[in-house]
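Chemist: Quick check, what structure comes out for this input:
(one chain, ligands or ions: 1)
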Amino acid sequence: MKNSRVRVRFAPSPTGPLHMGGVRTALYNYLFAKKHGGDFLLRIEDTDRSRFVQGAEKYIVDALGWCGISPDEGIGAEDKLTNGGKHHPYRQSERKDIYGPYVQTLIDSELAYLAFDTPNELSMVRERAMEAGNPNWQYNSITRTSMKNSLTLSKTDVEEKKKVGEPYVVRVKMPRNEEIKFHDEVRGWVSVNSMNVDDKVLLKSDGLPTYHLANVVDDRLMEITHVIRGEEWLPSAPLHVLLYDYFNWERPSFAHLPLLLRPDGNGKLSKRDGDKLGFPVFPLNWNNSETNETASGYKEAGFYAAGFVNMLAFLGWNPGTNQEVFSLDELISSFRLEKVSKAGARFDFDKARWFNQQHLRLRPKKDLLKEYLELLKKTSGHVPEKNWAKKSLDLFMDRAEFVKDIISESTYLFEDPKSYDNKVVEKKWNSDSPVFIKTLKSLFSQTNYTSESLENCFKKYLSSSSLSFGQVGPVLRLAVAGTTQGPSIFMVMELIGQESTERRIDSALMRLQ
Ligand code: GLU
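Modeler: Numbering: from 1, shown residues only. Have a look, this model is predicted:
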């Protein structure tokens, strides 16, 4: 809308946990709003009570909160504004009475009509069409002429039916054979012939609005300027655009975001994929006590919100530069709808982990140390001294994608090797090995147990005995750490200290004969 403050909304239906595709939609809306100094609203579209799931709304609010996507208005913004804002309520089930008068204006101007066909009658018509070879029967500008509605019945019949309380729905009257054209910020011009859109129900027989009506009316009332949503809503857009025109309202801008695809590119990454593909599809763990349904989330899998959000941002958008690692603030300043792609975005869990690794490296040291110490205590009961922990963190964090990796990769700091990898022993350990490590043990005992002195001492030994690193290094590492992989063994020795190092060497000498 021209010259008005940018206002966008995320409008999920509380039908279960919020899929990461939904979080991405919320994120793009949020980035767009913040970039333009506008408002991001959270509205709950819960008019379809048959699909309502207890706990889903709270999950949505918590998930967005974890990601740092905080609504300026609506559900979840009650701490900022009374009732969440001036357009409250923001739950459609609490807005029931709002929609009727709008539908009435459409009926009055003959752009919508009452349809009295019972569900039974409708399924009979569908069946007959099917038998006649038309499986796609639609209530539309052609078929409505032979149905039971206020366009075919006399005024008195309609009044009579209403008087006796015969149930009816209100349908939109689609024009016959007209091009409905609108501009999509992602897809460019979209044009659909009205013959391909049926006379959708706007108001159900229980007086509740359908998604289409409530969505359009609420977007208008809440002064939404840009409708940014998933591609699955593209087929609904022609109807929505037409409703704006019917109401004589200025249309908002539309942007339909690309689908999230499975890693093999085969189809949409759906809620039902749950944990089946080996990674979570939800931001947070989900436990539904009513159905006993559970699914894992990124947060509990050890992801940082910043890493998760960065990864999501790149599923369908890129900044047009080589930069990949972004904070939320950087995303806000770089985000542009023009850079959102039309093509489906293939999800890649390895890449998701890579993003997390980048954010782990960017963590303030103080925070990372705290997380490391907490997890260490929780998982193994160890409570090391702070300076010592700092050194071990520095030593192991480079390869870690998650804090839990630092712990699993560094178990030998806390425990003597229980066993040695047979394959490594076969390859690296030979009849000379015992002499090497026995000598080293004694040389090390004459120097300071700091990584620097230990390394110097080791190098001197190599050159004075004309040995290569490859002959001795892996053997020492195997004896001390039980593996040939890992960071500087001298640093490891400094951290575990002389007593442990010597005990481990002695034990290896006994066990690796
Ligand atoms: N309630 C719809 C959903 O669940 C909203 C679609 C839209 O943004 O218009 O996604």
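Chemist: can you give me the strands for the stretch 201-350 of the chain?
Modeler: Using DSSP state E, counting those that start in this stretch, the strands assigned to the stretch 201-350 of the chain run over residues 201-203, 226-230, 253-257, 260-261, 286-288, 293-295, 345-346.
Chemist: Apologies, that question was intended for the chain.
Modeler: 7-10, 39-42, 73-74, 112-115, 169-172, 179-184, 188-193, 201-203, 226-230, 253-257, 260-261, 286-288, 293-295, 345-346 (DSSP state E).
Chemist: okay, the ones you listed, which one's buried deepest?
Modeler: strand 7-10 (a mean of 27; mean count of other CB atoms under 10 Å). (C-beta placed from N, C-alpha, C; glycine too.)
Chemist: name the helices or strands packed onto it?
Modeler: helix 20-35, strand 39-42, strand 226-230 (3 or more CB pairs under 8 Å, 6 or more residues apart in numbering; DSSP states H and E).
Chemist: wait, which of the ones you listed is closest to residue 117?
Modeler: Nearest to residue 117 among the helices and strands packed on strand 7-10 is strand 226-230 (30.8 Å), distances taken as CB to CB.
Chemist: What is the closest one packed up against?
Modeler: Under the contact criterion of 3+ CB pairs under 8 Å, 6+ apart, strand 226-230 touches strand 7-10, helix 20-35, strand 253-257.
Chemist: nearest to residue 377, of the ones you listed?
Modeler: Among those, helix 20-35 sits nearest to residue 377 (CB to CB), with 30.6 Å.
Chemist: is any part of the closest one close to the ligand?
Modeler: No: shown here: helix 20-35 not in contact with the ligand (CB under 6 Å from any ligand atom), separated by at least 7.0 Å.
Chemist: Just the C-alphas of that helix, formatted as CSV.
Modeler: Only the C-alpha atoms of helix 20-35 are listed here, as CSV (Å, rounded to 0.1, in the frame of the first residue of the first chain):
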residue,chain,number,x,y,z
MET,A,20,10.3,-25.2,10.4
GLY,A,21,8.7,-24.0,7.1
GLY,A,22,6.3,-22.1,9.2
VAL,A,23,9.1,-20.6,11.3
ARG,A,24,10.8,-19.5,8.0
THR,A,25,7.6,-17.8,6.9
ALA,A,26,7.4,-16.0,10.3
LEU,A,27,11.1,-15.1,10.0
TYR,A,28,10.8,-13.6,6.5
ASN,A,29,7.8,-11.5,7.7
TYR,A,30,9.7,-10.4,10.7
LEU,A,31,12.9,-9.5,8.7
PHE,A,32,10.8,-7.6,6.2
ALA,A,33,9.0,-5.6,8.9
LYS,A,34,12.1,-4.8,10.8
LYS,A,35,14.0,-3.8,7.7
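Chemist: Quick check: residue 129 vs the ligand, distance?
Modeler: Distance from residue 129 to the ligand, counting by CB to the nearest ligand atom, to the nearest Å: 29 Å.
Chemist: what about the nearest residue to that residue once chain neighbours are set aside, how many residues close to it?
Modeler: Excluding its sequence neighbours, the residue lying closest to residue 129 (CB to CB, 6 or more residues apart in numbering) is residue 137, at 3.7 Å. For residue 137, the neighbour count with other CB atoms under 10 Å is 16.
Chemist: Repeat that for residue 164.
Modeler: Residue 164: 7 surrounding residues under other CB under 10 Å.
Chemist: ok, now which ones touch it?
Modeler: Residues near residue 164 by CB atoms under 8 Å, 6 or more residues apart in numbering: none.
Chemist: got a markdown table for the helices and strands packed on strand 7-10, with mean pLDDT and distance to residue 357 too?
Modeler: Shown next, in a markdown table, are these (pLDDT from 0 to 100; distance: least, CB to CB, whole Å):
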| stretch | mean pLDDT | distance to residue 357 |
| --- | --- | --- |
| helix 20-35 | 98 | 19 |
| strand 39-42 | 98 | 29 |
| strand 226-230 | 98 | 28 |
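Chemist: mind putting these in a markdown table, distance to residue 404 included?
Modeler: Converted to a markdown table, the helices and strands packed on strand 7-10 look like this (distance: least, CB to CB, whole Å):
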| stretch | distance to residue 404 |
| --- | --- |
| helix 20-35 | 21 |
| strand 39-42 | 32 |
| strand 226-230 | 32 |
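Chemist: Give me the neighbour count for the residue nearest to residue 256 when sequence neighbours are not counted.
Modeler: Spatial nearest neighbour of residue 256, chain neighbours left out: residue 234 (4.5 Å); criterion: CB to CB, 6+ apart. Counted with other CB under 10 Å, the neighbours of residue 234 add up to 17.
Chemist: Residue 234 and residue 255 touch, don't they?
Modeler: No: counting by CB atoms under 8 Å, residue 255 is not a contact partner of residue 234; they are 10.3 Å apart.
Chemist: For the stretch 51-200 of the chain, which residue gets nearest to the ligand?
Modeler: Residue nearest to the ligand within the stretch 51-200 of the chain (CB to the nearest ligand atom): residue 92, separated by 8.7 Å.
Chemist: typed the wrong thing, it's the stretch 351-500 of the chain
Modeler: residue 352 (22.9 Å).
Chemist: And for stretch 184-199, what's in contact with it?
Modeler: Residues contacting stretch 184-199 (CB under 8 Å, 6+ apart): 115, 138-141, 144, 171-183, 226, 228, 234, 237-239, 242, 253-258, 337-338, 340-342.
Chemist: show me what contacts residue 173?
Modeler: When contacts are counted by CB under 8 Å, 6+ apart, residue 173 touches 110-113, 141, 144, 151, 199.
Chemist: so how far does stretch 384-402 reach from one end to the other?
Modeler: The first residue of stretch 384-402 is 20 Å away from its last residue (CA to CA, to the nearest Å).
Chemist: same thing with stretch 157-176?
Modeler: Per CA to CA, stretch 157-176 runs 26 Å from first to last residue.
Chemist: buried sites along it?
Modeler: Of all the residues in stretch 157-176, those buried under the rule 16 or more other CB atoms under 10 Å are 158, 161, 168-175.
Chemist: Stretch 79-96 now?
Modeler: 84-85, 87-93, 95.
Chemist: Can you pick out the most distant pair from the residues you listed?
Modeler: 85 and 93 (17.4 Å).
Chemist: now what about the top helix by length along the chain, what contacts it?
Modeler: Longest among the helix segments of the chain by residue count, using DSSP state H, is helix 489-511. If you take CB under 8 Å, 6+ apart as the criterion, helix 489-511 is touched by 388, 391-392, 395, 412-413, 416-417, 420, 434, 437-438, 440-441, 444-445, 449-452, 454-455, 458, 473, 476-481, 486.
Chemist: could you pick out which of the residues you listed are near the ligand?
Modeler: Of the contacts of helix 489-511, not one also sits near the ligand (CB under 6 Å from any ligand atom).
Chemist: any chance of the buried residues of stretch 157-176 in TSV, plus pLDDT and distance to residue 493?
Modeler: Below are the buried residues of stretch 157-176 laid out as TSV (pLDDT from 0 to 100; distance: CB to CB, whole Å):
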residue	pLDDT	distance to residue 493
158	97	91
161	97	90
168	98	83
169	98	78
170	98	79
171	98	79
172	98	77
173	98	82
174	97	78
175	96	81
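Chemist: The residue nearest to residue 129 and residue 126 touch, don't they?
Modeler: Yes: assessed by CB under 8 Å, residue 137 is found in contact with residue 126 at 5.0 Å.
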